[in-house]
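Asker: I'd like to go over a predicted model; first the sequence, then the structure.
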Amino acid sequence: MNLKKTIYIILAIILGVILSFIAHALIEIVYLSYSFYKGTSPEPSSLTPQCYLPSALQIILLLAGLIGGYFLGRFWWQKVYGKK
């Protein structure tokens, strides 16, 4: 694997992680809004005390960003630089 392809895939992974953090924030906003609407007080997670989503969901979102970014980078590498 050449350096250009490696950098391309690393940047796609970073994009995937950023998108997973955005998804995490949106899911947490909806979760907290729904909890407050119902009148319940959510408990912070054991993984990070600043987050209220379950720890397993946080890990799944991060892994989805990492793995999805990797496959996104490979897919677009083939589309842009693949043999025609």
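Answerer: Yes, it's here. Residues are numbered from 1 along each chain as shown.
Asker: Now the residue most central in space within the chain. Its backbone dihedrals?
Answerer: By Cα atoms, centre = their mean, the chain has its centre lying nearest to residue 20, at 1.9 Å. Phi and psi for residue 20, reported as degrees, to the nearest 10, are phi -70, psi -30.
Asker: Provide a list of residues in contact with the nearest residue to it once chain neighbours are set aside.
Answerer: Spatial nearest neighbour of residue 20, chain neighbours left out: residue 65 (2.8 Å); criterion: Cβ to Cβ, 6 or more residues apart in numbering. From N, CA and C alone the C-beta is placed, and that goes for glycine too. Listed by Cβ atoms under 8 Å, 6 or more residues apart in numbering, the contact partners of residue 65 are 13, 16-21, 23.
Asker: pLDDT weak spots in this protein?
Answerer: 1, 84 (pLDDT under 70).
Asker: where do the helices sit along it?
Answerer: Along the chain, the stretches classed as helices by DSSP state H are 3-38, 55-81.
Asker: Just want the angle from the first one to helix 55-81.
Answerer: Pointing back at helix 3-38 there. With axes from the mean of the first three to the mean of the last three Cα atoms, to 10 degrees defining the directions, helix 3-38 sits at 140 degrees from helix 55-81.
Asker: helices and strands around helix 3-38, which ones?
Answerer: Contact here means 3 or more Cβ pairs under 8 Å, 6 or more residues apart in numbering; DSSP states H and E; on that basis helix 3-38 packs against helix 55-81.
Asker: Please point out which parts of the helix it packs on sit buried.
Answerer: 57-58, 61, 64-65, 68-69, 72-73, 77 (16 or more other Cβ atoms under 10 Å).
Asker: Please apply the same query to stretch 24-38.
Answerer: By neighbour count on 16+ other Cβ under 10 Å, the buried set for stretch 24-38 is 24, 28.
Asker: now what about stretch 21-36, what contacts it?
Answerer: With contact meaning Cβ under 8 Å, 6+ apart, stretch 21-36 is reached by 41-42, 51-53, 57-58, 61, 65.
Asker: Convert it to PDB, retaining C-alpha atoms only.
Answerer: The C-alpha trace of stretch 21-36 is given here as PDB (Å, rounded to 0.1, in the frame of the first residue of the first chain):
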ATOM      1  CA  PHE A  21     -19.400  12.000  17.400                       C
ATOM      2  CA  ILE A  22     -22.100  14.100  15.600                       C
ATOM      3  CA  ALA A  23     -24.400  11.100  15.600                       C
ATOM      4  CA  HIS A  24     -23.700  10.600  19.300                       C
ATOM      5  CA  ALA A  25     -24.500  14.200  20.100                       C
ATOM      6  CA  LEU A  26     -27.800  14.100  18.200                       C
ATOM      7  CA  ILE A  27     -28.800  10.800  19.800                       C
ATOM      8  CA  GLU A  28     -28.000  12.100  23.200                       C
ATOM      9  CA  ILE A  29     -30.000  15.300  22.600                       C
ATOM     10  CA  VAL A  30     -33.000  13.300  21.600                       C
ATOM     11  CA  TYR A  31     -32.500  10.900  24.600                       C
ATOM     12  CA  LEU A  32     -32.200  13.700  27.100                       C
ATOM     13  CA  SER A  33     -35.100  15.700  25.700                       C
ATOM     14  CA  TYR A  34     -37.300  12.600  25.900                       C
ATOM     15  CA  SER A  35     -36.200  11.800  29.400                       C
ATOM     16  CA  PHE A  36     -36.900  15.300  30.600                       C
END
